[in-house]
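[1] Okay, here's the prediction I keep looking at, along with the sequence it came from:
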Amino acid sequence: MTQQSSQEQELIRINYGTPRPYKWATGKYIGKLYKEAKENKQLVTNRCPQCKQLLWPPIAFCGRCKVDAGEDWVVMNQRGTVVQYTYLVVPMWDPHYGEKFANPYPTATIKLDDGAYLVSRLQEQDPEKLKVGMRVEAVWKEEGRGTGMGDVLYFRTIEE
């Protein structure tokens, strides 16, 4: 049997026009984060029983101590301080669809008041008002929650 070259092979394309819904298990740690975000608008994580560090996102083992992280659940504070940010100046293109992003937004690393760090969008879009050290708090989606950290729309600036 001889192998055909790619020019001689007949290639076919099959288009699927219907959605293919699926479900997957998130596990007990990320599953808890998703459930609390969806039902209670809370970010939760677990704490290492040995070093007492918050493990964000929640995980089964502490990477520092190499021990089972356990289930010492903590509701994280939704306020924090911007420790760094990036503001998109050049329009970005969506690599999947080839379209320009509709609303470029600043993204920041935020140190929550209880010590955990996370990355999220900022509501403030004026480059003159963005600064390291600004205080922010989470703003949640009202509907369609169930994606964990994705349920936080952005962090808005607060005055204290």
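    All right, it came through fine.
[2] quick one, longest strand in the protein?
    Looking across the chain with DSSP state E, the single longest strand is strand 79-86.
[3] Sheet partners, orientation included, of it?
    strand 107-112 (antiparallel), strand 135-140 (antiparallel) (DSSP bridges).
[4] Kindly export it (C-alpha atoms) in CSV.
    Extracted in CSV, the C-alpha atoms of strand 79-86 (Å, rounded to 0.1, in the frame of the first residue of the first chain):
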residue,chain,number,x,y,z
ARG,A,79,-10.9,45.1,49.9
GLY,A,80,-7.3,45.6,49.1
THR,A,81,-4.4,47.7,47.8
VAL,A,82,-3.1,47.9,44.2
VAL,A,83,0.5,46.8,44.2
GLN,A,84,1.0,47.0,40.5
TYR,A,85,-1.1,47.6,37.4
THR,A,86,-0.9,47.4,33.6
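[5] related to what we said a few turns ago, could you dump the strands paired with strand 79-86 into TSV with mean pLDDT, distance to residue 153 and mean neighbour count added?
    From N, CA and C alone the C-beta is placed, and that goes for glycine too. Output for those, formatted as TSV (pLDDT from 0 to 100; distance: least, C-beta to C-beta, whole Å; neighbours: other C-beta atoms under 10 Å):
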stretch	mean pLDDT	distance to residue 153	mean neighbour count
strand 107-112	96	13	20
strand 135-140	97	5	18
